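Engineer: Got a sequence here, can you build the structure:
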Amino acid sequence: MFFSSQEPTTLPEQLQEAAKYIKKLQTDLERMKQKKDSLMGVERWKNTTTSGRSNEPKSPEIQIHEMGSSLVIGLTTDTNSSRFIFNHTIRILHEEGAEIASASFSVVDDTVFHTIHLTIGDESAPDYEAASRISERLNKFVDAAADA
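Structural biologist: Below you'll find the predicted structure:
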């Protein structure tokens, strides 16, 4: 048989253990929030202002995933430049002859996440050159917008 050698704890000891446990949970929660933000691609700018946000705009970022005759474009911008960058991206896609199947966005704090699904060519004859041209043009545009 196993006997516990621990004696009953006093109320102050129990309260101290409870306080330690709550602090551990708070630390774990903050760590999980940071991990969630990093997985979502959100950078939190900390500032000494009362709002806790920096006035520094977030540089636009783009990710392009090719799947046969389909492309999925992920575009991350700040709320101030979101409309301009999105509209210019759509114009480039139309100039390259892409057919936009859907476009959506979501906003988290001051960051806008756009997702654009499009097709180039058709399933039987994907236009790989178009995918390369689109990728090159969009990356150049986003790089130029980031430098501006």
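Engineer: Give me the buried positions along stretch 75-82.
Structural biologist: For stretch 75-82, a neighbour-count test (16 or more other CB atoms under 10 Å) marks 75-78, 81-82 as buried. C-beta: built from backbone N, CA, C; applies to glycine.
Engineer: residues making contact with that stretch?
Structural biologist: 41, 57-58, 60-62, 85-86, 89, 105, 107, 110-116, 142, 145 (CB atoms under 8 Å, 6 or more residues apart in numbering).
Engineer: Now name the helix or strand holding residue 63.
Structural biologist: strand 61-67 (DSSP states H and E).
Engineer: Poorly predicted segments of this protein, please.
Structural biologist: Applying pLDDT under 70 to the chain flags the ranges 1-7, 38-57, 122-128, 148.
Engineer: now the strands for it?
Structural biologist: Here the chain has its strands, by DSSP state E, at 61-67, 70-78, 99-108, 111-119, 121-122, 125-126.
Engineer: Could you say which one of those strands comes nearest to residue 32?
Structural biologist: strand 99-108 (16.0 Å; CB to CB).
Engineer: that older thread, got the strands of the chain as TSV, with distance to residue 93 columns?
Structural biologist: Converted to TSV, these look like this (distance: least, CB to CB, whole Å):
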stretch	distance to residue 93
strand 61-67	11
strand 70-78	8
strand 99-108	6
strand 111-119	6
strand 121-122	14
strand 125-126	16
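Engineer: right, and those - which one's nearest residue 11?
Structural biologist: Nearest of the strands of the chain to residue 11, taken as CB to CB: strand 99-108 at 43.9 Å.
Engineer: quick check, distance from that closest one to the centre of its chain.
Structural biologist: Its chain's C-alpha centre and that of strand 99-108 lie 14 Å apart, by CA atoms, centre = their mean, to the nearest Å.
Engineer: same check, this time on stretch 24-42
Structural biologist: 14 Å.
Engineer: go on, stretch 69-77?
Structural biologist: 13 Å.
Engineer: just to revisit the earlier point, please name whichever of the strands of the chain is nearest to residue 19.
Structural biologist: Closest among the strands of the chain, using CB to CB: strand 99-108, at 32.8 Å.
Engineer: quick one: contacts of the closest one?
Structural biologist: 40, 42, 70, 79, 82, 86, 90, 93-94, 112-120.
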